[in-house]
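1. Sequence first, then the predicted structure, then my questions.
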Amino acid sequence: MQDLGVTVAPEGAPMYQQIFDQIASRIRSGAFPDGYRLPPTRALAAELGTHRNTVVRAYAELEAAGFLTSTVGRGTFVKAWRG
């Protein structure tokens, strides 16, 4: 699994929001280009030491905001960002 460089802290903003903000920032900057595949929610949750539902919520919020597209069985991918 690739290292996304995402970290979470128990204090401050909710963890799902921290994940959202960091991934969205990398998409906006071009560090995660169109078509970039994000790790499965279970894998990222294990890496971050958080519950899978936290990552699921972050991914869902990113998808709702237009940053990601997700297909069951295929994965979660960055959408072309036009910001």
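-> That came through fine. Numbers count the residues shown, from 1 in each chain.
2. And the strands in this protein, which stretches?
-> Counting by DSSP state E, the chain has strands at residues 37-38, 68-71, 75-78.
3. what helices or strands is the first one leaning on?
-> Right, the one you point to is strand 37-38. Applying 3 or more C-beta pairs under 8 Å, 6 or more residues apart in numbering; DSSP states H and E, we find strand 37-38 packed against strand 75-78. All C-beta atoms are positioned from the backbone trio N, CA, C, and that covers glycine.
4. List the buried residues for the strand it packs on?
-> Thr76, Val78 (16 or more other C-beta atoms under 10 Å).
5. Spell out which strands sit alongside that strand in the sheet and which way each one runs.
-> For strand 75-78, the pairing partners within the sheet under DSSP bridges are strand 37-38 (antiparallel), strand 68-71 (antiparallel).
6. export that strand as PDB, just CAs?
-> Extracted in PDB, the C-alpha atoms of strand 75-78 (Å, rounded to 0.1, in the frame of the first residue of the first chain):
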ATOM      1  CA  GLY A  75     -11.700   1.000  -5.800                       C
ATOM      2  CA  THR A  76     -11.700   4.700  -5.000                       C
ATOM      3  CA  PHE A  77     -10.200   7.100  -7.500                       C
ATOM      4  CA  VAL A  78      -9.500  10.800  -7.700                       C
END
